[in-house]
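[1] fold the following and give me the result.
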Amino acid sequence: MSAATSDRARSRHRNSDHDDRVLTVPANREYTTMLMQEELARERIRDMLTAVSGQRQARHARSARRWTRVAAWAQRRADSFSL
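    Prediction:
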């Protein structure tokens with residue numbers, strides 16, 4: 001290998017290393033951005049699950065009151081027919 005060819009090979013290798021470093025920085029930023037977006041999505045899901053949990057408890061309490069009223073009504077109706 002001649003000196004000129006060796007210099008050219010080294011030069012090409014140095015440039016490709018530099019290009020790799022340049023491409024690595026945006027990839028890391030994109031990866032960080034992706035992680036941030038995933039964490040934000042997880043936080044939105046946690047908020048939604050918290051809200052849904054509260055709504056579920058309210059629905060359960062409302063349902064219990066409704067069935068208590070229905071049971072009382074059914075008992076009164078049954079008592080009125082048994083007379």
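
[2] quick check: the gap between residue 68 and residue 54.
    As for residue 68, its distance to residue 54 is 22 Å (criterion: C-beta to C-beta, to the nearest Å). All C-beta atoms are positioned from the backbone trio N, CA, C, and that covers glycine.

[3] kindly report the same for residue 29.
    Applying C-beta to C-beta, the value for residue 29 to residue 54 is 38 Å.

[4] now do the strands in the chain.
    Taking DSSP state E as the criterion, the chain carries no strands.

[5] shaky segments in the protein?
    Counting by pLDDT under 70, the chain contains low-confidence ranges at 1-27, 83.

[6] helices of that one, residue ranges please.
    If DSSP state H is used as the criterion, the helices of the chain fall at 3-82.
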